[in-house]
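In: Sequence and predicted model, in that order:
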Amino acid sequence: MDNRSIFIYRNYTVEPLFSDFPGISYSGYEDISNVPPDASIYVWFYSCPLIGSRQEFADKINDYKKKLELVLVNSNPSSYFLLFTLAPVLNFYFTTNKKFLVEAISEYNQFLYSKAGTSPLIKVIEFENFIRQSQEHQIIDWRYYYLYKTLINPGLSRSFSAWFRRQLLAIEGKRKKCFVLDLDNTLWGGVLGEDGLEGIQLGNSYPGNAFKDFQKMLHEAVKNGVLLAIASKNNEDEVWDAMKTHPDMILEKNDFVSWRINWNDKSTSIYEIANELNISTDSIVFIDDNPVERNWVSQSIPEVVVPEFPKHPYQLISFFCDVYDSFFQLYDLTGEDKDKLVQYKQNSLRNQSLQSFLKIEDYIASLNIMISVKEADSFTIPRIAQLTQKTNQFNLTTRRYTEADISSLIYEGHKVYSASVKDKFGDNGITAVCILKIISTTKVEIDTMLLSCRILGRLIEFALMKKLLNMLQLDGIDEVHALYIPSAKNEQAASFYDKLGFEVLEHEASKSYTLRINNQYKIEPYYRFEIL
């Protein structure tokens, strides 16, 4: 979002906090007269009134809500609107009972969430999370407050900028995919092979309680769509026995989607895990207590994130929170995020099934594949945007879109399709996207065509495109334009349009194509479709 125009409504000076972001303009203090129609992102950044009576405070809060109502009505409905919650900046009042203050702030923040419920493009930013990260005495610099009406200390600009960027990444759905974990002195204290099952530190007293809580956090990460894998130098049978029988073990074998428990070097194990899961190595965060192993992985696979492991077990939870917040945070979960562990395990079963077939066509026919095609709506837009942001391997143009972008495309009359895929092993959810820009009543351009790595290997991309082309022909479209833009990761898609019979117009850095649709494409009978 850094390259987009941002308009900020504010009641104090906030310019220093956004100095690293280009293309920003600001309202006057508490001024809502200007609602720029071309803003890509609106930001509502009102802070708590600093000084005044209870009644003045309540009146101000109510006024903020009325102003926001008016702005929302008049803003561009296809742009993002980010609403900053109120958080008490000056932790002082004339009585210790501050119930009225707490209730007023809570009511206002609930009002923001109610507004977010009316549109997928309205997002709430919990400003209190940033306040908590900063030392209370640093929040306000009274000199800047009285000279420039700057409520938040400009000295916090750098940390605010980093924090705000993380909020934007969470909204866009850009996150890492997988924790690759060491075991000894990482998930538990001690060395399993030396200390034995009874000797490792994991339980209800320190330091075992810290490792136990660390496992609890990782277990919750799985529920929030993060994959766990193991790269550990250990005896595999001892590891699974420990996970099955230790009374304080939180994680179990079913929580892991892949593992390399052997005596190979960690970089080799990580490469093998990435290949097995069909994810890129830059989607991985490697956690290991051993600085030698961390350094080796950093040198061997520099795109893997390798955080510094805490020196003391009591630092594990703050370590986890920092890593998760920096690399795995999402604004909200889609259904596909919640089911990710199950879906990757189903893919493992598919790969095992493939080994029993001599011909790929027989394997595909055995899967009973159903492809459900649907035009984008408010329920599917978040997942569609998420796929454009993170899909790399089979992505013909690698164009990145936000939810606001997708909404704008639909508003302008273009067609945005998603496809969900299921077979006898399970439901992969929404795993394909096609964006068609309408040029005229007889001509379209394929702006985006992508498939998640989870459904590659079943030739679904060809069946899906043939189905879409058949639908276009029935709608009177007879001319299709397309583009392949090479990237560092999408080489496997380079000949996709060639195989479908598109004609190459230009072939330099990118390849542009055209196609005349004269007849309906024949689709293999083992692909079943439903149009929703």
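Out: That came through, no problem.

In: Once you drop chain neighbours, what's closest to Pro310?
Out: Nearest residue to Pro310, sequence neighbours excluded (Cβ to Cβ, 6 or more residues apart in numbering): Phe319, at 4.6 Å. (Each C-beta comes from the backbone N, C-alpha and C, glycine too.)

In: what's the pLDDT at the one you found?
Out: At Phe319, the model reports a pLDDT of 94.

In: Same question for the one 5 residues further on.
Out: Tyr324 is assigned a pLDDT of 94 by the prediction.

In: And what about it, helix, strand or coil?
Out: Secondary structure, DSSP: H, G, I helix; E, B strand; the rest coil: Tyr324 is helix.

In: Can you name the residues that contact Gln473?
Out: Gln473 sits next to 517, 519-520 when contact means Cβ atoms under 8 Å, 6 or more residues apart in numbering.

In: And Met249, by the same measure?
Out: By Cβ under 8 Å, 6+ apart, the neighbours of Met249 are 188, 202, 215, 242-243.

In: ok, now how distant is Ser407 from Arg260?
Out: 43 Å (Cβ to Cβ, to the nearest Å).

In: Settle it for me: which of the two has more neighbours?
Out: The residue with more neighbours, out of Ser407 and Arg260, is Ser407; 24 against 20, by other Cβ atoms under 10 Å.

In: which residues does that one contact?
Out: Taking Cβ under 8 Å, 6+ apart, we find Ser407 in contact with 77-78, 120-121, 381.

In: Test my guess that the residue nearest to Pro310 contacts His312.
Out: No - Phe319 lies out of contact with His312 (Cβ atoms under 8 Å); the separation is 9.9 Å.

In: By residue count, which strand of this protein is the longest?
Out: strand 426-438 (DSSP state E).

In: a markdown table for the contacts of Met249, including secondary structure?
Out: Putting the contacts of Met249 into a markdown table (three-state DSSP) gives the following:
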| residue | secondary structure |
| --- | --- |
| Trp188 | strand |
| Leu202 | coil |
| Gln215 | helix |
| Ala242 | helix |
| Met243 | helix |
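
In: Who wins on neighbours among these?
Out: Ranking the contacts of Met249 using other Cβ under 10 Å puts Trp188 first, with 26 neighbours.

In: quick one: the helices in the stretch 401-532 of the chain?
Out: 403-411, 460-474, 496-499 (DSSP state H, counting those that start in this stretch).

In: re the thing from before, tell me the contacts of the residue nearest to Pro310?
Out: 307, 309-310.

In: Just the closest of the residues you listed to Ser372, please.
Out: Nearest to Ser372 among the contacts of Phe319: Pro307, at 39.4 Å, using Cβ to Cβ.

In: Run through the residues that contact that closest one.
Out: 285, 287, 319, 322-323.

In: Quick one: which of the residues you listed is the most crowded by neighbours?
Out: Neighbour max across these (other Cβ under 10 Å) = Ile287, 22 neighbours.

In: Would you check that that residue makes contact with Asn185?
Out: No - the criterion here is Cβ under 8 Å, and Ile287 misses it with Asn185 at 11.1 Å.

In: quick one: Thr13 is in a helix?
Out: No - assessed with three-state DSSP, Thr13 is coil; it does not lie in a helix.

In: Look at it and say how many residues are nearby.
Out: 18.

In: quick one: contacts of stretch 266-282?
Out: Contacts of stretch 266-282 (Cβ under 8 Å, 6+ apart): 177-178, 180, 182, 227, 229, 231, 233, 257-260, 262, 283-284, 286, 288, 293, 296-297, 300-301, 303-304, 344, 347-348, 392-393, 453-454, 456, 489.

In: so who does the residue most central in space within the chain touch?
Out: Central residue of the chain (Cα atoms, centre = their mean): Gly173, 2.4 Å from the mean position. Shown in contact with Gly173 (Cβ under 8 Å, 6+ apart): 330-331, 382, 385-386, 389-390.

In: Now the buried members of those residues.
Out: In terms of neighbour count (16 or more other Cβ atoms under 10 Å), the buried residues within these are 330-331, 382, 385-386, 390.

In: now Asn490, nearest residue through space, not along the chain?
Out: That would be Asn395: by Cβ to Cβ, 6+ apart, it lies 5.3 Å from Asn490.

In: That neighbour and Glu461: what is the separation?
Out: Taking Cβ to Cβ, one finds Asn395 at 11 Å from Glu461.
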